[in-house]
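**Q** Sequence and predicted structure are below.
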Amino acid sequence: MRVLHCLAQLPTRTGSGVYFHNLINEIEKQTNWQQAALYALPADKGFAKSSDLERPALCKQEETAEWINCGSHYPVFFETEDLPFPIVGMSDEMPYPSTRYCRMDDEMVNCWERAFYQELLRIKEEYRPDVIISHHLWILSAMVLEIFPDIPVIGISHGTDIRQARQNPDIAGRSVGSLRGLSKVLALSDSHIEDLVDCFDLLPEQIMVTGGAYDNKMFYPASHRPGTYNDNFVSFLYAGKMSHAKGVFELVAAFTDLYRRNPAIRLDLVGSADAELKALLHSEDIPTSAIRLFDVESQAELAEHLRHSDVFVLASYYEGLGLIAIEALASGVALVSNNLLALSPQLEAYVGDTDLISWVEMPRLRNLDEPFTEDIPAYVLRLSAAMEEQARRTLHANGERASLSQAMQVFSWESLAGKLVQMVRELI
């Protein structure tokens, strides 16, 4: 069995990138299949600062994503002469230099399509896959269906494809069109089914809800912890993209409001902050040393940071799933989260009503992830109240932390890969 995995982004650093390489690695453990991976990589970091004459020599096109356990690698390199711009991201804000689909002109789209088209033709000639797993129901998945019309193709939606189709209908109509040719589609939640049918001309029976997954060998509770991880204060944590769409600025405002009433709290922000957020954190309105900023480079570092925290806060206005919330609960950390359609029903199905999760009513939104300005003050107060509630509850919940962590095992990579392996066997 020869399986090809396709992703038009960096195969790490984002939810879909982590999903991509962990799925391959877990299938490697469960089967004896041959696996190949098509993905995007940036050229050498010095590329953007070099002259036109120097650039070709700096494109390290022999490199691969060495963290992926597969036999064949097919990277497509960006910031090169053929693709002279950063990797194009499915989200507007990516944790690495990126290009937005909405900012691409016709020439950029043509360059992008040409690069992936050529690589897919090379794969068809030399690798000859028996089945293809394509991440994101977007341009690359449409190209895969065109080039491989006679073999099964499983599409995996990460939710961001729905947002792209809604925000860029011209691109969706011109470069994606109908994806009904997919053999199966994996969706993150029941709430996405109607949108997937509408955006990509799918049939409901093509779609299987599998949710997301996490690495249970990496995200697990601390072996021992007091009522709070640090007896001196309750530690809140956020990790992810530092953008307005992720609610980070409202999170800072909610924390600051709570800090005025209870100074025995701290907030750690894990991710790359832009100039706007750094300016806010250094303003007089923010308590000195109460908020710390970290740029964690690896999943292992993030997992360790979670085990040293008490409450994870997810103030994001839109998530394909919100996998980081599952990783936090698996690490024995309480959760404050916006009541996200993709996340709350999935968790409640397995953990029910638990005191270690506080759901926050979101403000009204436009364009999926932009709150109405007039709704923000009331939302910040709700978020602050939920954080205060968890600050109290986390003092007396060690037993429940352990049972909640155990319940998260259903979302492990081992479980998800097993479902996909069975699906592939039924298709071949």
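**A** Yep, it's here. Numbering: from 1, shown residues only.
**Q** Give me the distance between the helix or strand hosting Ala402 and the centre of its chain.
**A** Assessed by DSSP states H and E, Ala402 sits inside helix 398-407. Distance of helix 398-407 from the chain centroid (C-alpha atoms, centre = their mean, to the nearest Å) equals 24 Å.
**Q** And stretch 136-149, by the same measure?
**A** Relative to the chain's own centre, stretch 136-149 is displaced by 21 Å; criterion: C-alpha atoms, centre = their mean.
**Q** Show residues contacting it.
**A** 6-9, 16, 90, 112-113, 116-117, 120-121, 124, 129, 132, 134-135, 153, 155-158, 160-161, 164-165, 171, 175-177, 179, 181-182, 185, 196, 199-200 (C-beta atoms under 8 Å, 6 or more residues apart in numbering). Where you see a C-beta, it was placed from the backbone N, CA and C, and this is true even at glycine.
**Q** among those residues, which are in helices?
**A** 16, 112-113, 116-117, 120-121, 124, 160-161, 164-165, 171, 196, 199-200 (DSSP state H).
**Q** Out of those, which end up buried?
**A** Ser16, Trp112, Phe116, Leu120, Thr160, Asp161, Gln164, Ala165, Ile171, Leu196, Cys199, Phe200 (16 or more other C-beta atoms under 10 Å).
**Q** Among the residues you listed, which one sits closest to Ala386?
**A** Here the nearest of those to Ala386, counting by C-beta to C-beta, is Thr160; it sits at 26.0 Å.
**Q** shouldn't Gly322 be in contact with Leu314?
**A** Yes - if you go by C-beta atoms under 8 Å, Gly322 and Leu314 touch, sitting 5.9 Å apart.
**Q** any shared contact partners between the two?
**A** Joint contacts of Gly322 and Leu314 (C-beta under 8 Å, 6+ apart) are Ser337, Leu340, Leu343.
**Q** which element is the second one on?
**A** In this structure, Leu340 sits in neither a helix nor a strand according to DSSP H and E.
**Q** For it, grab the count of nearby residues.
**A** When counting by other C-beta atoms under 10 Å, one arrives at 24 neighbours for Leu340.
**Q** So it is in contact with Gly320, correct?
**A** No - between Leu340 and Gly320 there is no contact under C-beta under 8 Å: 9.6 Å.
**Q** Domain ranges for the chain, per the record?
**A** Structural domains assigned to the chain are 2-213+412-427, 234-410, following automatic domain parsing.
**Q** Helices of the stretch 301-428 of the chain, start to end?
**A** Remark: helices assigned in the stretch 301-428 of the chain by DSSP state H, counting those that start in this stretch are 323-330, 344-351, 376-393, 398-407, 413-427.
**Q** Next, format those helices as TSV and append mean pLDDT and mean neighbour count.
**A** Formatted as TSV, the helices of the stretch 301-428 of the chain follow (pLDDT from 0 to 100; neighbours: other C-beta atoms under 10 Å):
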stretch	mean pLDDT	mean neighbour count
helix 323-330	93	26
helix 344-351	86	17
helix 376-393	96	19
helix 398-407	80	15
helix 413-427	95	16
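**Q** Give me the buried positions along stretch 207-216.
**A** Buried, per 16+ other C-beta under 10 Å, within stretch 207-216: Ile207, Thr210, Gly211, Gly212, Ala213, Tyr214, Asp215, Asn216.
**Q** Quick check: strands, which of those are part of them?
**A** Using DSSP state E, the members of the buried residues of stretch 207-216 that fall in strands are Ile207.
**Q** Same list, the buried residues of stretch 207-216, but as JSON lines with pLDDT and distance to Trp359 please.
**A** Output for the buried residues of stretch 207-216, formatted as JSON lines (pLDDT from 0 to 100; distance: C-beta to C-beta, whole Å):
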{"residue": "Ile207", "pLDDT": "98", "distance to Trp359": "26"}
{"residue": "Thr210", "pLDDT": "89", "distance to Trp359": "23"}
{"residue": "Gly211", "pLDDT": "83", "distance to Trp359": "18"}
{"residue": "Gly212", "pLDDT": "81", "distance to Trp359": "18"}
{"residue": "Ala213", "pLDDT": "90", "distance to Trp359": "22"}
{"residue": "Tyr214", "pLDDT": "90", "distance to Trp359": "20"}
{"residue": "Asp215", "pLDDT": "89", "distance to Trp359": "25"}
{"residue": "Asn216", "pLDDT": "91", "distance to Trp359": "24"}
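**Q** Pick the one among the buried residues of stretch 207-216 closest to Arg103.
**A** Among the buried residues of stretch 207-216, Gly212 lies closest to Arg103 (C-beta to C-beta), at 28.1 Å.
**Q** just checking, the closest one touches Ala187?
**A** No - using C-beta under 8 Å, Gly212 is not in contact with Ala187, being 10.5 Å away.
**Q** how far off helix 344-351 does the helix holding Ala402 point, in degrees?
**A** Counting by axes from the mean of the first three to the mean of the last three C-alpha atoms, to 10 degrees, helix 398-407 lies at 110 degrees to helix 344-351.
**Q** by how many degrees do helix 398-407 and helix 323-330 diverge?
**A** 130 degrees.
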